[in-house]
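Trainee: show me the folded form of this:
(chains A, B, C and D)
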2 protein chains.
Amino acid sequence: MVTLKDISKACGVSLATVSKALNGQSDIGKETSERIIRTAKDMGYLPNAAARALKTNRSYNLGVLFVDKTSSGLQHEYFSGILNSLKVEAESLGYDITFISKDIGKFSMDYYEHAKYRNCDGVVIASVDFTDPDVIKLVDSEIPTVTLDHVFDNTTAILSDNIGGPVDIVKYVYGKGHRKIAFIHGEQTSVTQKRLASFHKTCNSLGITVPDAYIKNAIYHDAKSSALATRELLALTDRPTCILYPDDFSSIGGMNEIERQGLTIPDDISVVGYDGILLSQILRPRLTTFRQDAEVMGREAAAKLIDQIENPKLFLPQQIMVSGQMLEGGTVKQI
Amino acid sequence: MVTLKDISKACGVSLATVSKALNGQSDIGKETSERIIRTAKDMGYLPNAAARALKTNRSYNLGVLFVDKTSSGLQHEYFSGILNSLKVEAESLGYDITFISKDIGKFSMDYYEHAKYRNCDGVVIASVDFTDPDVIKLVDSEIPTVTLDHVFDNTTAILSDNIGGPVDIVKYVYGKGHRKIAFIHGEQTSVTQKRLASFHKTCNSLGITVPDAYIKNAIYHDAKSSALATRELLALTDRPTCILYPDDFSSIGGMNEIERQGLTIPDDISVVGYDGILLSQILRPRLTTFRQDAEVMGREAAAKLIDQIENPKLFLPQQIMVSGQMLEGGTVKQI
DNA sequence: TTGTAGGCGTTATCAG
DNA sequence: CTGATAACGCCTACAA
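Mentor: You can find the predicted model right below:
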């Protein structure tokens, strides 16, 4: 491994001079500087991140918290989309990404300790149980954090528009003539609460009354529970004409159930998803859904976190709303 | 931040003693050792990974190469499944995971340089273009590597059974009475070559002749290209009775095309996928497909790599075959 | 059984 | 403009 020392020998200058030249300090002669940079490249010099981190207390490394109860946040196309754009943006700004978790090896650490141990300059928190005390500890610590889809007091949050989504959806299906709209929602989280409240509010403002029986709970990204909820809805004497699902993936479970009962989509029942993942757009009929912009969410998360890291003086926690958009497919009928 | 020095002061012993006690060296008095460990915990001591890496040349950090041409290897459920289990296994063995890529920040590095810069103890190579000279450079370097689904000379490879998969599939559909079997394959990679060769060989051994027109190329994870290939197959005067797809996801494109032509699955045309991702199991009819065991692949990759890192003397490159299994769904008709 | 001291590769301060 | 030199936090002969 070639170090600064090797270069200093090769160039016949001091170690300090090499360091300065390579870091573009202004107080080095232009010629010397160029010579040093050239030989450094020739010799295949690479800075040693560990040494640099030790000295500067900056690792250029971002932690990412990506766990959910099913341990499969990564399988969810929405989240893997976020991760991907987060990675791309961070890398373009010179930062690497490391997963943060509890219990690394025999050591039992919490998230904060893990991030600290790895000298993370900051942590992006996505897809976790935000009520976990370990998450709160991390958020309350001195480590800069950015949360996704959850607001804490002193942290920047990147938020998908969980109010606007249901508004757009309900207005859309209302415009298609639907008045009996059922809503199957995911497990209790602040995201779910927002979507549900927004659903009710929008229905209310449009003069639609939603029977309690039209609200069903299920589990995100779980086709089975949505199928079950669907079956219950179809068994009602006063059936809904349109069903909103927690997400695109689970809507497939619902649609299967509908078709199993000999009904067709959208002629007998209309269906709307949520997320707008790739999958939704290759189904036939194309799924009518609300697209969350995972790419922007990931990019913003990285950008805001790095901004906070690099300009701590200017830091003000903010909530950044990332808007989505309706994707009109063929699963909602005009009635 | 609490360091060894702080603990040494608090305990009234030397820094070296603390280090030894915390690392479980045998040459420290039992009492002293216990006292040190206790106060370390009380004070909330955490080792500093950077300092340790600098000193020991071991980072307990694994690099992961996860890029494909579309920059979306992560979106592919098969790969995100591998990543997930890789992560879980590595963490349980005390290793963290960092993504490796080209061009981090203004620095333009290749994969090897990036891994070196981050002091990765080893790198898992998955989902890349294995002909990329930068990949070859990394594989040929002194950094331990493990590849997924591709064999290099001096490296351990974790291989999905791309020979056995097509064998099982062809035998299965043959058993269902099919003799006119078409195969739509993904872009040219060694994986594709193996599957294709195995397909031909198996057909041959069963006495099936496959017309050239039954072999179509498409793109992995791309519904559109599979739909197109499907259309061409259906236009043949002597149509296949069964179509094999490059993967589950793209098979949806094919199935849409089939249904758009007024044909039903499996009554008019039978269909088989590849991968056995979650999605395939929630479709109705359930997709008949060959499941690749992503969980085992990820786990083995981590385990073998770490084994190689920790026992370099005992290292022998090996090829580990991870077998899959047929998942019988409802998309292949008995004829 | 414990302590001393040197060094891993960098950066930064301060003199020359 | 350039060069010593002291840290950063940790590990490890070697000495006591």
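Trainee: what ranges of chain A fall below the confidence cut-off?
Mentor: A:68-72, A:106-107 (pLDDT under 70).
Trainee: hmm, try it at 50
Mentor: Confidence mapping of chain A against pLDDT under 50 gives the ranges A:71.
Trainee: list the contacts of residue A:219.
Mentor: The contact partners of residue A:219, by CB atoms under 8 Å, 6 or more residues apart in numbering or on different chains, come to A:186-187, A:225-226, A:246, A:250. All C-beta spots, glycine's among them, are computed from the backbone N, C-alpha and C.
Trainee: check residue A:40 too.
Mentor: Residue A:40 touches A:7, A:18, A:22, counting by CB under 8 Å, 6+ apart.
Trainee: tell me the most packed of those residues, by neighbour count.
Mentor: Using other CB atoms under 10 Å in any protein chain shown as the neighbour criterion, residue A:18 leads the contacts of residue A:40 with 27 neighbours.
Trainee: and the next helix or strand past whatever helix or strand that one lives in?
Mentor: Following DSSP states H and E, the helix or strand that holds residue A:18 is helix A:15-22. Counting by DSSP H and E, the next helix or strand C-terminal to helix A:15-22 is helix A:30-42.
Trainee: and that following helix with DNA strand C, contact?
Mentor: No. Helix A:30-42 lies out of reach of DNA strand C by CB under 7 Å from any atom of the strand, never closer than 9.6 Å.
Trainee: what about that helix and DNA strand D, touching?
Mentor: Yes. Under the criterion of CB under 7 Å from any atom of the strand, DNA strand D is reached by helix A:30-42 at A:30-33.
Trainee: just the buried ones among the residues you listed, please.
Mentor: With burial judged by 16 or more other CB atoms under 10 Å in any protein chain shown, the buried subset of the residues of helix A:30-42 next to DNA strand D is A:32-33.
Trainee: JSON lines for the residues of helix A:30-42 next to DNA strand D, including distance to residue B:135?
Mentor: Converted to JSON lines, the residues of helix A:30-42 next to DNA strand D look like this (distance: CB to CB, whole Å):
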{"residue": "A:30", "distance to residue B:135": "38"}
{"residue": "A:31", "distance to residue B:135": "38"}
{"residue": "A:32", "distance to residue B:135": "37"}
{"residue": "A:33", "distance to residue B:135": "34"}
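Trainee: assign whichever residue of the stretch 101-250 of chain A sits closest to chain B to helix, strand or coil.
Mentor: At 2.5 Å from chain B, residue A:105 is the closest residue in the stretch 101-250 of chain A, using CB to the nearest CB. Following DSSP: H, G, I helix; E, B strand; the rest coil, the label given to residue A:105 is coil.
Trainee: the nearest residue to it once chain neighbours are set aside: neighbouring residues, count only.
Mentor: When the adjacent residues along the chain are set aside, residue A:105 lies closest to residue B:94, with 2.5 Å between them (CB to CB, 6 or more residues apart in numbering or on different chains). Residues within reach of residue B:94, counting by other CB under 10 Å, total 13.
Trainee: likewise residue A:205?
Mentor: 11.
Trainee: one more: residue A:204?
Mentor: 12.
Trainee: can you tell me the helix or strand for it?
Mentor: Applying DSSP H and E, one finds residue A:204 within helix A:190-205.
Trainee: that helix: what's the following helix or strand?
Mentor: Next element after helix A:190-205 (DSSP H and E): strand A:215-217.
Trainee: need the next SSE after that next one, C-terminal direction.
Mentor: Following strand A:215-217 toward the C-terminus (DSSP H and E): helix A:223-234.
Trainee: need the residues of chain A near DNA strand D, please.
Mentor: Within chain A, the positions adjacent to DNA strand D are A:12-17, A:20, A:27-33, A:51, A:54-55 by CB under 7 Å from any atom of the strand.
Trainee: now with 6 Å, please.
Mentor: A:13-17, A:27-29, A:32, A:54-55 (CB under 6 Å from any atom of the strand).
Trainee: please, a PyMOL command that selects the buried ones among those residues?
Mentor: Buried residues within these, by 16+ other CB under 10 Å, are selected in PyMOL with:
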select buried, chain A and resi 13+17+28+32+54
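Trainee: tell me the SS of the residue lying closest to residue A:165 once chain neighbours are set aside?
Mentor: Among residues not flanking residue A:165 along the chain, residue A:290 sits closest, at 4.6 Å (CB to CB, 6+ apart). Assigned by three-state DSSP, the conformation of residue A:290 is strand.
Trainee: all helices of chain A, in order?
Mentor: Assigned by DSSP state H, the helices in chain A fall at A:4-11, A:15-22, A:30-42, A:49-56, A:77-92, A:111-117, A:133-140, A:164-175, A:190-205, A:223-234, A:248-260, A:278-282, A:294-310.
Trainee: reformat the ones you listed as CSV; add distance to residue B:324.
Mentor: As requested, the helices of chain A are arranged in CSV below (distance: least, CB to CB, whole Å):
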stretch, distance to residue B:324
helix A:4-11, 49
helix A:15-22, 50
helix A:30-42, 46
helix A:49-56, 39
helix A:77-92, 22
helix A:111-117, 34
helix A:133-140, 37
helix A:164-175, 38
helix A:190-205, 36
helix A:223-234, 22
helix A:248-260, 23
helix A:278-282, 22
helix A:294-310, 30
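Trainee: ok, of the contacts of residue A:40, which one's closest to DNA strand C?
Mentor: DNA strand C has its nearest neighbour among these in residue A:22, at 6.1 Å by CB to the nearest atom of the strand.
Trainee: all set now, cheers.
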